[in-house]
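> give me coordinates for this.
(chains A, B and C)
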Amino acid sequence: MKFSESLKKNSDFQAVYGEKNSLANRSLVMYVRKNGLEKNRLGISVSKKVGNSVVRHRITRLIRESYRLNEHRFLPGYDFVVVARIYSKGKSQREIESSLLHLAGLHKITVNYEKDFD
RNA sequence: AAAGUAAGACGGAUGGUCGCGGCUGCAGAUGCAGACGAGGAAAGUCCGGGCUUCACAGGGCAGGAUGCCGGAUAACGUCCGGUGGAGGCGACUCUAAGGAAAGUGCAACAGAAAACACACCGCCAUGCAGUGCAUGGUAAGGUUGAAAAGGCGGGGUAAGAGCCCACCGCUCAGACGGUAACGCCUGAGGCAGUGUAAACCCCAUCCGAAGCAAGACCAGACAAAAGCGACAGAUUGGCCCGAUCUGCUUUAGGUAGGUCGCUUGAGGUUGCCGGCAACGGCAAUCCUAGAUAGAUGAUCAUCCGAGACAUAACCCGGCUUACAGUCUUACUUUCAGA
RNA sequence: AGGCCCAUAGCCAAACGGUAAGGCAGCGGACUCUGACUCCGUCAUUCUCAAGGUUCGAAUCCUUGUGGGCCUG
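Okay, the predicted model is just below:
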C-alpha cells in the first residue's frame, strides 16, 4: 500500500475507539480518527466469535484487499479501525468492498464520492 | 457381479492481470528482475524427546504415569511380532490383559442366607400328641438375585452330602516345546479363598523444575517513599531434614525498541544389504516457509464431478478428533459362467 | 505457552456407585364476588453436555470430544 500503513499498537486502537466516531452496516463497523499525519493507517479487528482462524484470516485479507484497490479514493490523514461483524462471514470480495466504500462515504472521507461510486 | 476386510495415495486443474513475505542479483531514499513460499491433519494440546535456563549435595515422605511376553526407538501411554480372551461364515477386528491365600472397604432392593456361610419352605429320623409341635440330621429340590462354596451322570443312604467313581473344570507337582508370555502331556489332590483393584491398596518399572514471552547480547528509560528482618528470606518447585547465599515485600514512577535463538534436521528421495516386521546399516543425491499485529489473496477466462476439514509461530516422534469426494493394491464370502 | 474449574427441568441448584432432593416459574384444584397471599397435587420419560468403556448396576469411576468461564507469564 503506497500511501498507508497498518495500525499496530493496542494503544493506537484504543485512541481510535476513544473518539467514539463510529458507523456501521450489516457487515462492518468503522471507527475513524484524525491522526495529524500525511498518510492513512488502517487497523482490522476480527473477533473470535466470527469463526475459526481460516475464516478470520480470510476476512482480514478481503478487507485489506478492498482498501488497497480503492486506496486512491480515501482522503489522507486518518486512522481507521474496521471491525468485522458475524454477518461478514462467507461474503465475497465484492460485497466486502461495497460495504467498506459505503461506510467510508458515510464518514465523508472519500474523494469524489458521488462521481466514482456509480 | 454384489457385499465386505485391510493398507496406501490425492485433497479442483490451466493461463492472464493486480497484490503480499523473506532471499539472491542489479541499481542505490524509492525501485526492477529471478526462483521459492502452509497441512494430512498445520487443529486439539493427550503423551514422549531434543534445545535453553535454573538447581546439581544429597536423603526421606508424598505425588503422578505405565502394567500379558519379546523386540524397535532419542523416548513414549507409540509402533511391530507373538500369547491368552471376546466377536465375525470368513478376510480380519477389538482387548487398562500384574496381584483378591498382605490388609481395609463395598455388594442397594429382593432373598432363609451376600462371606470364620446359613436353614425359610422342604426331605428324613426320634419323641409327644393326633396331622401339628419339639429335638436332631441333611443341603438333593423350591423361592430371590448380577452373583448362592464346582458341573453332569452313576453308585451310595433313613434322607442326603466329593461320601465314593467316570468325564469336564480347578489347584499342585513333574516332563517336553518355546528367549518369554504360554502351550501340550502325565500324575496327584478331592474342591478350598464369590465378585469388585477404571474402590483404597500391594508389587514392578519410569519421572528434578520450568518453558522460545525459554534464554543471550546491544541500545535506552526510571531509579522515589513506606514497611519487614538474621528466631528472617531466597535457591526450593508439594512437604521435611540437610547444604549454599544475603536482603526481601508493597506502593508510586518508568521502559517494553533492535539483533540472535530461527530453521541442515533423530531431514527427504532412490538403490543395495540385514530383519517375518516395526526398524537399522551403507552409498548416491536434494535443500524444500521462517513471518513478528503476523505473508498464499482478489479478479477474469476455459473445463468438470462445482471443490470438504482446516492456516506454520522453536523443532521433531506419536496419539486423538474433523473431513466433499476420487483413485490404487491385496485378500474374504456369496452368486453366475467356463 | 502453561494451568484450573464448570455443564443436572424454562431459571437457581442438591445428590457415600443402588428408584435424580429442594426452591422459583408453569399447569390443575381449593380458598375468594374477582385478583394477590396461603394450602394441596402435578411437572426430568428413553434419563444428568456427547460418544465409548469399567461394573450386576454410572449423574457419580476411566478415556476421548463439544461448549462455556477463570488464572499466570
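> apart from its chain neighbours, what residue comes closest to the closest residue to RNA strand B within chain A?
Of all residues in chain A, residue A:93 sits closest to RNA strand B, at 3.0 Å by C-beta to the nearest atom of the strand. Yep, even glycine has a C-beta here, placed from its N, CA and C like the rest. With sequence-adjacent residues excluded and distances taken as C-beta to C-beta, 6 or more residues apart in numbering, residue A:93 is closest to residue A:62, at 5.3 Å.
> stretch A:73-90 near RNA strand B at all?
No: Stretch A:73-90 lies out of reach of RNA strand B by C-beta under 7 Å from any atom of the strand, never closer than 10.3 Å.
> my read: residue A:111 touches residue A:71, true?
No: in this structure residue A:111 lies outside contact range of residue A:71 using C-beta atoms under 8 Å: 10.7 Å.
> show me the contacts for the residue positioned nearest the centre of chain A.
By C-alpha atoms, centre = their mean, chain A has its centre lying nearest to residue A:82, at 3.8 Å. By C-beta atoms under 8 Å, 6 or more residues apart in numbering, the contact set of residue A:82 is A:28-30, A:42-45, A:63, A:100.
> mind giving me JSON lines with these and columns for pLDDT and distance to residue A:106?
JSON lines is the format used below for the contacts of residue A:82 (pLDDT from 0 to 100; distance: C-beta to C-beta, whole Å):
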{"residue": "A:28", "pLDDT": "83", "distance to residue A:106": "11"}
{"residue": "A:29", "pLDDT": "85", "distance to residue A:106": "12"}
{"residue": "A:30", "pLDDT": "86", "distance to residue A:106": "8"}
{"residue": "A:42", "pLDDT": "81", "distance to residue A:106": "17"}
{"residue": "A:43", "pLDDT": "81", "distance to residue A:106": "18"}
{"residue": "A:44", "pLDDT": "81", "distance to residue A:106": "19"}
{"residue": "A:45", "pLDDT": "80", "distance to residue A:106": "19"}
{"residue": "A:63", "pLDDT": "84", "distance to residue A:106": "17"}
{"residue": "A:100", "pLDDT": "85", "distance to residue A:106": "11"}
